[in-house]
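**Student:** Can you look at this prediction? I've put the sequence above it.
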Amino acid sequence: MHIRTEVSERHTLSVTVANEPGILARIAGMFAGRGYNIESLTVAEVTEDESVSRITIVTSGPPAMIDQIIAQLDRLPPVHRVHDLTAEGAHVERELALVKVAGTGDHRIEALRLAEVYRARVVDATISSFVFEVTGGTDKIDKFLELMREVGLIEVARTGVAAISRGHNTF
Amino acid sequence: MAHERTGADILIETLTDLGVEVVFGYPGGAVLPIYDAIFKQDRIRHILVRQEGGAAHAAEGYARSTGKPGVVLVTSGPGATNAVTGITDALMDSIPMVVITGQVPTPLIGSDAFQECDTVGITRHCTKQNYLVKDPAELEGVIREAFRIATTGRPGPVLIDLPKDVQVAATAANKPRTSVGYQPQTEPDARAIESAVEMIAAAERPIFYTGGGIINSGPAASAALRALAKLTGAPVTSTLMGLGALPASSPLWLGMLGMHGTYEANMAMNKADLIVALGARFDDRVTGRLDAFAPHARKIHVDIDRSSINKIVSAELGIVGDVGRAMEKMMEVWKARGHQAADLSAWFGQITQWRARRSLDFPNSTKEIMPQLAIKRLWEATKHRAPIISTEVGQHQMWAAQHFDFEDPNKWLTSGGLGTMGYGLPAAIGAQIGNPGALVIDIAGEASIQMNIQEMSTATQYELPVKVFILNNEYMGMVRQWQDLTYQGRHSHSYSEALPDFVRLAEAYGWKGMRIDKPDALDDGIAEMLAYDGPVMVDCRVAKLANCFPMIPSGAAHTEMILQANEVSGEMDDEAKALV
């Protein structure tokens, strides 16, 4: 007997929640408990009085599961609103990565050149290493890391996806 | 000018103000300040249980039989962890419950102190919401919000973890909470209601599939169901949790559906062209194999919890809202549009043919008491008193659901979603506390009753005349039945060995103890149990190998019911074994 798998879609969810201790644990635990996927998660306070946080979650699964995830999030008492940015259309997604690349000679030069192409900034430099700061969509970050691996990447610290809808509407 | 109050005082005063009359609990070091506050007042009655799980189940029984939220008070560490099963049970069956747990003083939190555990962490995923209160000024706001969350929307358990120093600290401040995020939708969408009415009016083979949501909505929802069923003429079936919403004596009643439901109820669900799901969630006990479930029917799913809709079964029309309200709105629209009940005589003709299979019949015996007969005789002897019935979990629970007819809601207390053995006795105690004049009976198995047997002492202390009617077949009957079906009768640890003499055990606890072991002694024994003014435990010896039918076996479609013992096959393939 084999466990069955189904076609999966990637969705970016933007969730506003009451900024209280334990709310992140409740959401992460809900995903884990029901077998849902968290590909990335970012969270920060977004109101001046620090009473509301926004959690941006990238998840994936069959369409029926995505629908369930949204419903399960929505019914948690501390959750205010849940928006499926992928379903709602035009939105902007960005990640940030800090990438440490060690090398000398040709590798070092190539690393700097590629960093320029990707508009990455040097935020730390020694004779034998750089730390690059690069922002962009997930694909751009993935590609940059793939290239850096060829020229001496030794460490990566990466944020999750932050996302926001295009246009002047807000929630 | 507000005066200073301690956290414990704030707790007691707020509970009193919210109308709480009873708290089920057990003391301990971390809740001593609260217990002192309880000692000094007499408006809230505290019921001392014998194990914290008993407090949680008692609160559940109280809540389901009265419609009011059950309140639990336990200490930190093992007190809280003992209550986890009951809290999870309340979550699965949507029972309104507020649990207050003591906690070690705030400076000690996280230091592995004596009787410390991460209560909020442990109960995070078995509560609807939980809180750790570190400032007494926030306590009243938290309590009020906790009750609001526990009792509105889809009801459920809410836990408040209260450190000992916060119970002792005094404050004059009061910081109310503004819970913006939680706004359950009770009013159904008007256009969706109109569509639903049209679908019902046009259906040739409609069926109402009702569930625990109707009980939770309140007695008005049960009344609305009766009226709506009568208006539309549709037959009605119910889940385990919804029994009593429609009177069993109604001509529209098909019996319970699902794994141990009647033949006619399951067949009607399969052949219907329209299923109206009212406060039920298409649980796996009801659907059987999903790809064979109700293939001809469009589904209208009315539920207060949006996440229930399209979770297991996709509905053509989902309606989020309070089910009682939704039914009332449907009737308004139905009448305003001048609809008449369709001619469903062909449909009922089909149903009558299915009923003719008499799927609830069981073999007769003059030598031993058939458990189904014991339930029926119990019902005959008590029905005029509209008793409150609780059960434990297993075969006896299914037989009680099949053979004990209910005419009203809030009379049937059973652990459906979690299926917790040991639920029935404390739940009966909670129900008796909430309904002092009522006849309350726990129908039990001899394995289940041992799980919270210590609560017999609680019944004695508070002079609660609960009756415990044990169907003793010396097996964990349902486990044995599955082992017969799935594992060729290898009865691995499903035999009840070293049973106590229940009569002497009852007497040791100050109860009346009785044994019934002959069929011709059954009626007299039941009468003797009912006549006694006090708690009674009856050890009713029943046929040991009786099996519960009908049964939808694991992995089967809901039409593939086993009706007779000789249809049992003995072994199952891996796919079926992998399902519960």
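**Tutor:** Happy to help now that I have it.

**Student:** and the host helix or strand of A:Phe132, what other elements does it pack with?
**Tutor:** Here A:Phe132, judged by DSSP states H and E, is contained in strand A:129-136. Strand A:129-136 sits against strand A:91-102, helix A:105-117, strand A:121-126, helix A:138-150, with contacts defined as 3 or more C-beta pairs under 8 Å, 6 or more residues apart in numbering or on different chains; DSSP states H and E. Backbone N, C-alpha and C define where each C-beta goes, glycine included.

**Student:** List the buried residues for it?
**Tutor:** Neighbour-count burial for strand A:129-136 flags A:Ser129, A:Phe130, A:Val131, A:Phe132, A:Val134, A:Thr135, A:Gly136 (criterion: 16 or more other C-beta atoms under 10 Å in any protein chain shown).

**Student:** Chain A contacts on chain B?
**Tutor:** B:120-121, B:124-125, B:128-130, B:132, B:149, B:153-154, B:179-182, B:305-307, B:309-311, B:314, B:574-575, B:578 (C-beta under 8 Å from any C-beta of the partner chain).

**Student:** mind showing which ranges of the chain have poor pLDDT?
**Tutor:** Chain wasn't specified; assuming chain A. A:1-5, A:171 (pLDDT under 70).

**Student:** Can you look at chain B instead?
**Tutor:** B:1-2, B:565-572, B:575-576, B:579-580.

**Student:** Try it again at 90.
**Tutor:** B:1-2, B:178-181, B:296, B:485-486, B:554-555, B:564-580 (pLDDT under 90).

**Student:** Write out the residues of chain A neighbouring chain B.
**Tutor:** Residues of chain A found near chain B (C-beta under 8 Å from any C-beta) are A:1, A:17-18, A:21-22, A:25-26, A:29-30, A:33, A:64, A:67-68, A:71-72, A:74-80.

**Student:** which of those are buried?
**Tutor:** A:17-18, A:22, A:26, A:30, A:67-68, A:71-72, A:75-80.

**Student:** and of those residues, the nearest to B:Arg325?
**Tutor:** Comparing those against B:Arg325 with C-beta to C-beta picks out A:Arg75 as the nearest, at 18.3 Å.

**Student:** So the closest one sits against B:Ile304, correct?
**Tutor:** No. In this structure A:Arg75 lies outside contact range of B:Ile304 using C-beta atoms under 8 Å: 9.8 Å.

**Student:** tell me, what's touching those two both at once?
**Tutor:** Shared contacts of A:Arg75 and B:Ile304, defined by C-beta atoms under 8 Å, 6 or more residues apart in numbering or on different chains, are found at B:Gly153, B:Arg154.

**Student:** For the one residue in chain A that gets nearest to chain B, which non-adjacent residue is closest in space?
**Tutor:** Closest to chain B within chain A is A:Ala71: 3.6 Å, counting by C-beta to the nearest C-beta. Ranked by C-beta to C-beta, 6 or more residues apart in numbering or on different chains and with sequence neighbours excluded, the top spatial neighbour of A:Ala71 is B:Ser307, at 3.6 Å.

**Student:** Could you grab the helix/strand/coil label for the one you found?
**Tutor:** Look at B:Ser307: counting by DSSP: H, G, I helix; E, B strand; the rest coil, its state is helix.

**Student:** hang on, the earlier thing: list the ones among the residues of chain B next to chain A that fall in helices.
**Tutor:** Using DSSP state H, the subset of the residues of chain B next to chain A located in helices is B:Val120, B:Gly121, B:Ile149, B:Asp574, B:Glu575.

**Student:** Give me the domain ranges for chain A.
**Tutor:** Taking automatic domain parsing as the reference, chain A has its domains at A:9-88, A:92-164.

**Student:** Endpoints of the shortest one, how far apart?
**Tutor:** The reference is to domain A:92-164. One end of domain A:92-164 to the other measures 5 Å (C-alpha to C-alpha, to the nearest Å).

**Student:** Tell me, how many residues neighbour A:Glu146?
**Tutor:** For A:Glu146, the neighbour count with other C-beta atoms under 10 Å in any protein chain shown is 10.

**Student:** same thing with B:Leu139?
**Tutor:** Count around B:Leu139 with other C-beta under 10 Å applied: 28.

**Student:** Run through the residues that contact it.
**Tutor:** B:Leu139 touches B:Gly7, B:Ile10, B:Leu11, B:Thr14, B:Val133, B:Leu162, B:Val166, counting by C-beta under 8 Å, 6+ apart.

**Student:** The nearest residue to B:Gly121 once chain neighbours are set aside sits in which helix or strand?
**Tutor:** Closest residue in space to B:Gly121, ignoring its immediate chain neighbours: A:Ala25 at 7.2 Å, by C-beta to C-beta, 6+ apart. Assessed by DSSP H and E, A:Ala25 sits inside helix A:23-33.

**Student:** do the same with B:His260
**Tutor:** Using DSSP H and E, B:His260 maps to neither a helix nor a strand.

**Student:** Got phi/psi on it?
**Tutor:** Main-chain dihedrals, B:His260, degrees, to the nearest 10: phi -120, psi 30.

**Student:** What is the burial count for the closest residue to it other than its chain neighbours?
**Tutor:** Leaving aside its chain neighbours, B:His260 sits nearest to B:Met398 (4.3 Å; criterion: C-beta to C-beta, 6+ apart). Neighbourhood size, B:Met398 [other C-beta under 10 Å]: 25.
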